[in-house]
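1. quick one, fold the following:
(one chain, ligands or ions: 2)
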Amino acid sequence: KNKKVSRERKAPGKKALPRLRSQAWFDNPDNADMTALYLERTMNFGLGFDELQSGRPIIGIAQTGSDIAPCNRHHLVLAQRVREGIRDAGGIAFEFPIHPIQETCKRPTAALDRNLQYLSLIEVLYGYPIDGVVLTTGCDKTTPAQLMAAATVDIPAIALNSGPMLNGWYQGERTGSGTIVWRAREMMAAGEIGYQEFLKLVASSAPSTGHCNTMGTASTMNSLAEALGMTLPGSAAIPAPYRDRQEMAYLTGKRIVDMVREDLKPSDIMTRAAFENAIVVNSAIGGSTNAPVHLNAIAKHIGVKLTTADWEKHGYKIPLLVNLQPAGEYLAEEYYRAGGVPAVVAELIAQGKIQPALTANGKTLIENCEGQFTSDRKVIFPYAKPMKKNAGFLNFSGNLFDSAIMKTSVITPEFHKQYLENPADPMAFEGTAVVFDGPEDYHKRIDDPKLKLTPASVLFMRGVGPIGYPGAAEVVNMRAPDYLLKKGVTALACIGDGRQSGTSGSPSILNASPEAATGGGLALLKTGDKVRIDLKKRTANMLVSDAELKKRRAAFEAAGGYKYPASQTPWQEIQRGIVDELSEGMVLKPAVKYQRINTT
Ligand code: FES
Ligand code: MG
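-> Numbering: from 1, shown residues only. Ligands and ions are numbered 1, 2, ... in the order given. Here you go, the predicted model:
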């Protein structure tokens, strides 16, 4: 019987494969006791000997959907179609839950749980008889968490997202999930709408099942999962309620069985070339500032060295092509109708910007997408006439931090005029720092007239990195105070050691590393200091003498470093003890060495 199994497992072009790893559980005469125990309990939901011992691949469905994770809840429906695909291709589906994450509901922040979902998935994939896995992605952190785990365990894996929600509408205008919140809070602060209308306006942006319909972190990470090759082509953009998504679920289930038979693993797909492709695609779609954090983390766990400098090197000169909120106008339904990721990649292929890298269907990204041009130029712009040139991230350094990024595709004409058009000093600005220690401090003081904020103020948010605010809060995109909003000043420059929502249209300088909590330069900054930001030189400095900085450093250390709130849960404390900086992907440092663990 075993010989028959190994004959079946001959991958095209590869040598004979070892037995399926699940057979070590279900068909192992050398360990009859354990085999019997595994079998008797697994069979108790109705599976027979012939199914479990026939060498059919056991396919895990990592279920992230539940009532507390609405963005991924649609996977409870899709999993049925995934199962049918798995069965039709000759596999057996084992669906299991992993630690849930919901971006909008988890306190203090959902990012705290990315590494917990990562750990929980590794333990299931390693510890149970699973030959391949379908990752049910969607809401922001669920995509990177599962790709990180697939990288670590390195058994055949394919991602399927829940799909974006349908477009939101309010009084005849598109309302994009997440993005509308930032606009609505300005309207409420300016007195244009009250609390009840604020709630109604925001709720209108989420009209159906699915994840965010904007190019926030969810659509970004799922588009990048497709660009990396970890999904079937055309998968990312299909809206959750469309029938096409159910069909994609079926095809994804079918395909993973063959990936097991071909022994096509994450390490075959997520190569250096694949990550560089993803960086290029991120610029073209106007992707989230969370993408470098997550992609650098995935790369670390598969053993590819990727840095924030790579994001500027490979991504900055790429133009913005996709006209989706927050950088543009439209939402998920138009993105899908215009061709989604394949149509974006087709533009990039035509310019020689995409490298041949293997994808989940066994073909390269180029083979999958070449010539798949859009038919809707309002939504996906041609490379030669883009929405914006040079639309990638800039990577800054200086005495404020070693690395922080800025999403240039969301610089508005107003921001440009306010900060970057001084004829004597173009593309650079100097301003006066106003420093907040965490979001509570900011909420308490932002509208206080005593702060005397002006358009020359630069708002700083510190103490919100992976250790300062466990998980790194999405709070760097601060709004202007009510008294400036009423005068029509809507954008003040923002800088911080936390993150911002991918749905935010703010060109903040964020993910500053090292964070204040680990003694980064931001910890020494004081309200009233002059700062200088230079977009040409990519520098960000406080204009404070070295002698003064030395004095401040000594005082800071004598006082015991940066004070941050105590941990509220065991996981907060555990993660704070082992987590790396945002520029390093916020990975758990001891986990990195477990790349491609031995799963036999
Ligand atoms: Fe879950 Fe945006 S809040 S996808
Ligand atoms: Mg978010």
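2. any idea where the helices of the stretch 351-500 of the chain begin and end?
-> For the stretch 351-500 of the chain, the helices defined by DSSP state H, counting those that start in this stretch cover 365-369, 413-419, 438-445, 482-485.
3. nearest to residue 493, out of those helices?
-> Closest to residue 493 of the helices of the stretch 351-500 of the chain, according to Cβ to Cβ: helix 413-419, at 6.1 Å. No exception for glycine: its C-beta is placed from N, CA and C like everyone else's.
4. one step back: reformat the helices of the stretch 351-500 of the chain into CSV and put mean pLDDT, distance to residue 171 and mean neighbour count next to each item.
-> Listed next are those as CSV, based on pLDDT from 0 to 100; distance: least, Cβ to Cβ, whole Å; neighbours: other Cβ atoms under 10 Å:
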stretch, mean pLDDT, distance to residue 171, mean neighbour count
helix 365-369, 98, 38, 22
helix 413-419, 89, 24, 14
helix 438-445, 95, 29, 16
helix 482-485, 92, 21, 18
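5. out of those helices, nearest to ligand 1?
-> Each of the helices of the stretch 351-500 of the chain has some distance to ligand 1 by Cβ to the nearest ligand atom; the shortest is helix 438-445, at 17.7 Å.
6. tell me the residues of this structure that contact ligand 1?
-> 71, 103, 104, 139, 140, 177, 178, 211, 212, 216, 218 (Cβ under 6 Å from any ligand atom).
7. and the helix or strand that contains residue 258, how far out from the chain middle?
-> According to DSSP states H and E, residue 258 maps onto helix 243-262. Centroid displacement of helix 243-262 relative to its chain, using Cα atoms, centre = their mean, to the nearest Å, is 23 Å.
8. report all helices and strands that it contacts.
-> Here helix 243-262 touches strand 58-63, helix 75-88, strand 132-137, strand 157-161, going by 3 or more Cβ pairs under 8 Å, 6 or more residues apart in numbering; DSSP states H and E.
9. one more pass at 6 Å, please.
-> Applying 3 or more Cβ pairs under 6 Å, 6 or more residues apart in numbering; DSSP states H and E, one finds that helix 243-262 contacts helix 75-88, strand 132-137, strand 157-161.
10. who touches the first one?
-> Pointing back at helix 75-88 there. Helix 75-88 is contacted from outside by 59, 61, 65, 93, 95, 134, 136, 162, 246, 249-250, 253-254, 257, using Cβ atoms under 6 Å, 6 or more residues apart in numbering.
11. swap the cut-off to 7 Å and go again
-> Contacts with helix 75-88, where a contact means Cβ atoms under 7 Å, 6 or more residues apart in numbering, come from 59, 61, 63-65, 93, 95, 134, 136, 160, 162, 245-246, 249-254, 256-257.
12. what does the average pLDDT come to for that helix?
-> The pLDDT scores in helix 75-88 average 98.
13. tell me the angle of the next helix or strand after it relative to helix 243-262?
-> Per DSSP H and E, the first helix or strand lying C-terminal to helix 75-88 is strand 92-97. Orientation note: strand 92-97 sits at an angle of 120 degrees relative to helix 243-262 (axes from the mean of the first three to the mean of the last three Cα atoms, to 10 degrees).
14. tell me which strands and helices strand 92-97 is in contact with?
-> strand 58-63, helix 75-88 (3 or more Cβ pairs under 7 Å, 6 or more residues apart in numbering; DSSP states H and E).
15. residues of the stretch 1-150 of the chain that sit close to ligand 2?
-> Those residues of the stretch 1-150 of the chain that sit near ligand 2, judged by Cβ under 5 Å from the ion, are 103, 140.
16. cool, and the stretch 151-300 of the chain?
-> Residues of the stretch 151-300 of the chain lying near ligand 2 (Cβ under 5 Å from the ion): residue 217.
17. spatially nearest residue to residue 414 (excluding sequence neighbours)?
-> residue 491 (5.9 Å; Cβ to Cβ, 6 or more residues apart in numbering).
18. contacts only, for that neighbour.
-> 412, 414, 415, 418, 480.
19. dump the residue contacts of the third one.
-> Contacts for residue 415 (Cβ under 7 Å, 6+ apart) come out as 491, 507.
20. where's it relative to residue 219, distance?
-> The gap separating residue 415 from residue 219 is 23 Å, by Cβ to Cβ, to the nearest Å.
21. let me know the helix or strand that residue 504 is in.
-> Residue 504 belongs to no helix or strand, assigned by DSSP H and E.
22. next up, phi/psi of it, please.
-> Backbone dihedrals for residue 504, given as degrees, to the nearest 10, come out at phi -80, psi 140.
23. ok now the longest strand seen in the chain, how far from the chain's centre?
-> Longest strand of the chain, by residue count under DSSP state E: strand 428-437. Taking Cα atoms, centre = their mean, one finds strand 428-437 lying 28 Å from the centre of the chain it belongs to.
24. and for stretch 269-282?
-> Distance of stretch 269-282 from the chain centroid (Cα atoms, centre = their mean) equals 14 Å.
25. restricting to C-alpha, output that stretch in PDB.
-> Extracted in PDB, the C-alpha atoms of stretch 269-282 (Å, rounded to 0.1, in the frame of the first residue of the first chain):
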ATOM      1  CA  ILE A 269       6.500  30.400  -4.500                       C
ATOM      2  CA  MET A 270       7.500  33.100  -2.100                       C
ATOM      3  CA  THR A 271      11.000  33.800  -3.500                       C
ATOM      4  CA  ARG A 272      12.900  37.100  -3.600                       C
ATOM      5  CA  ALA A 273      11.500  37.800  -7.100                       C
ATOM      6  CA  ALA A 274       8.000  37.200  -5.800                       C
ATOM      7  CA  PHE A 275       8.500  39.800  -3.000                       C
ATOM      8  CA  GLU A 276       9.900  42.300  -5.400                       C
ATOM      9  CA  ASN A 277       6.900  41.800  -7.600                       C
ATOM     10  CA  ALA A 278       4.600  42.400  -4.600                       C
ATOM     11  CA  ILE A 279       6.400  45.700  -3.800                       C
ATOM     12  CA  VAL A 280       5.900  46.900  -7.400                       C
ATOM     13  CA  VAL A 281       2.200  45.900  -7.300                       C
ATOM     14  CA  ASN A 282       1.700  47.700  -3.900                       C
END
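26. can you count the residues close to the closest residue to ligand 1 within the stretch 251-400 of the chain?
-> With Cβ to the nearest ligand atom, the shortest gap between the stretch 251-400 of the chain and ligand 1 falls at residue 288, namely 10.2 Å. Neighbour count of residue 288, defined by other Cβ atoms under 10 Å: 31.
27. repeat for the one 3 residues further on
-> By other Cβ under 10 Å, the residues close to residue 291 number 27.
28. so it makes contact with residue 283?
-> No. Judged on Cβ atoms under 7 Å, residue 291 makes no contact with residue 283 at a distance of 9.8 Å.
29. please identify the most buried of the helices and strands packed on helix 243-262.
-> strand 157-161 (a mean of 31; mean count of other Cβ atoms under 10 Å).
30. that one - contacts with which helices or strands?
-> With contacts taken as 3+ Cβ pairs under 7 Å, 6+ apart, strand 157-161 sits against strand 132-137, helix 142-153, helix 243-262.
31. buried residues, the longest one. List them.
-> Buried residues in helix 243-262, defined by neighbour count with 16 or more other Cβ atoms under 10 Å: 245-246, 248-262.
32. give me the mean pLDDT for whichever helix or strand comes after that helix.
-> For helix 243-262, the following helix or strand on the C-terminal side (DSSP H and E) is helix 266-269. Per-residue pLDDT values over helix 266-269 give a mean of 98.
33. for the record, mean pLDDT for the first helix or strand past helix 266-269 going along the chain?
-> The element immediately downstream of helix 266-269 (helix or strand, assigned by DSSP H and E) is helix 272-285. The average pLDDT within helix 272-285 is 98.
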